[in-house]
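Trainee: Just to be clear, the model below is a prediction. Sequence and coordinates:
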Amino acid sequence: MKKHITRVILIVWRMWFYLLTAIPILILFPILVILVFTKNSYPVIFWIARNIWAPFILFGSGFYLKIKYKNELPKGTSYLLVANHTSYIDPFVMLRVSKNPFVFVGKKELVRIPIFGFIYKRAAIMVDRSSSKSRWGVYERADSVINKGLSVCIFPEKDYVDNTILLNSFKRGAFKLSIDHQIPIVPMCFLDCKRKFPWHTNYGKPGKLRVETYQVIFPRKRIEEMELLKEEVRSIILNGIENDPLKSNQKAIEKEKL
């Protein structure tokens, strides 16, 4: 009986989260429509997403952040932001991590979400993962973003919705982008999202979300070294997860296997 009550509470909490994601967009939709059709307005859109939308959702869902920066990221420099991807709340956490405007590389399927999809289509680099043409088109669209002085955020894990794996293998795209454009990479760990707000409704709870950023990794000079760069970044993130004193991701895996 207690298990069923807990599951109902989790489902209601999830529904509350989705409601929170919609409220600011509905209220600000007229302003956002004007901005997406205004030239060079993305920094304003980012400011709204970072300072209004993300905190509204996170705090409203009962989360607060503790971010440990290895180094502050100077303004005016383009970076590739890379983290483990374990939860629906990861994008909102990332918005709070970086003060510098960045653009997400995200799934094309999100365009189908009413109202949100309209803004998302014009404010993100979309990719259809089932289409090689779409995946290669990311580099062309990213080139335009980087030339504007913006950063790019990519969650590079394959099969990231499998909660029984500590850190899935990485796709190559982010690291090709880094080498092609010579963009430094900022690896980071989201230490609690997997445990506090997993993909499924089997468990979860409000509370502190810890983030750690690591030393900036400067890209290799040759595309032949892409695999080395990919594994270097993955090792840094995996090491951060494995050395977490609270073992939050490991506890999430244990929960998932019950």
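Mentor: Sure thing, it's come through.

Trainee: Going by C-alpha atoms from here, please, whenever you check contacts or count neighbours.
Mentor: Fine.

Trainee: SS state for L167?
Mentor: Following DSSP: H, G, I helix; E, B strand; the rest coil, L167 is assigned to coil.

Trainee: Wait, K68 touches L209, no?
Mentor: No - between K68 and L209 there is no contact under Cα atoms under 8 Å: 11.1 Å.

Trainee: between those two, who's got more neighbours?
Mentor: Set side by side, K68 and L209 show more neighbours around L209, with 20 against 15, by other Cα atoms under 10 Å.

Trainee: quick one, strands of the stretch 1-150 of the chain?
Mentor: Using DSSP state E, counting those that start in this stretch, the strands assigned to the stretch 1-150 of the chain run over residues 63-68, 80-83, 102-107, 125-127.

Trainee: okay, the ones you listed in a markdown table with distance to D244 next?
Mentor: Formatted as a markdown table, the strands of the stretch 1-150 of the chain follow (distance: least, Cα to Cα, whole Å):
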| stretch | distance to D244 |
| --- | --- |
| strand 63-68 | 13 |
| strand 80-83 | 15 |
| strand 102-107 | 26 |
| strand 125-127 | 32 |
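
Trainee: ok, residues contacting stretch 88-107?
Mentor: 43, 46-47, 49-51, 54-55, 57-58, 65, 67, 73, 75-76, 123-129, 138, 145, 150-154, 190, 193, 197-199 (Cα atoms under 8 Å, 6 or more residues apart in numbering).

Trainee: Pull out the buried members of these.
Mentor: Buried by 16 or more other Cα atoms under 10 Å: 46, 49-50, 54-55, 57-58, 65, 67, 123-127, 138, 145, 150-154, 190, 193, 197-199, out of these.

Trainee: low-scoring stretches of the stretch 151-258 of the chain, by residue?
Mentor: Within the stretch 151-258 of the chain, no stretch has pLDDT under 70.

Trainee: any idea where the strands of it begin and end?
Mentor: For the stretch 151-258 of the chain, the strands defined by DSSP E, counting those that start in this stretch occupy 151-154, 185-190, 207-213.

Trainee: Tell me which of those sits nearest to N168.
Mentor: strand 185-190 (13.3 Å; Cα to Cα).

Trainee: now what about the closest one, what contacts it?
Mentor: Residues from elsewhere that reach strand 185-190, judged by Cα under 8 Å, 6+ apart: 79-85, 90, 178, 209-219, 233, 236-237, 240-241.

Trainee: which of the residues you listed are buried?
Mentor: Buried members of the contacts of strand 185-190, scored by 16+ other Cα under 10 Å, are 79-85, 90, 178, 209-214, 216-217, 219, 233, 237, 240-241.

Trainee: Phi, psi for G62 please.
Mentor: Here the main-chain torsion angles of G62 (degrees, to the nearest 10) amount to phi 90, psi 20.

Trainee: what about the residue nearest to it when sequence neighbours are not counted, neighbour count?
Mentor: Closest residue in space to G62, ignoring its immediate chain neighbours: P206 at 4.8 Å, by Cα to Cα, 6 or more residues apart in numbering. As a burial measure, P206 scores 17 neighbours (other Cα under 10 Å).
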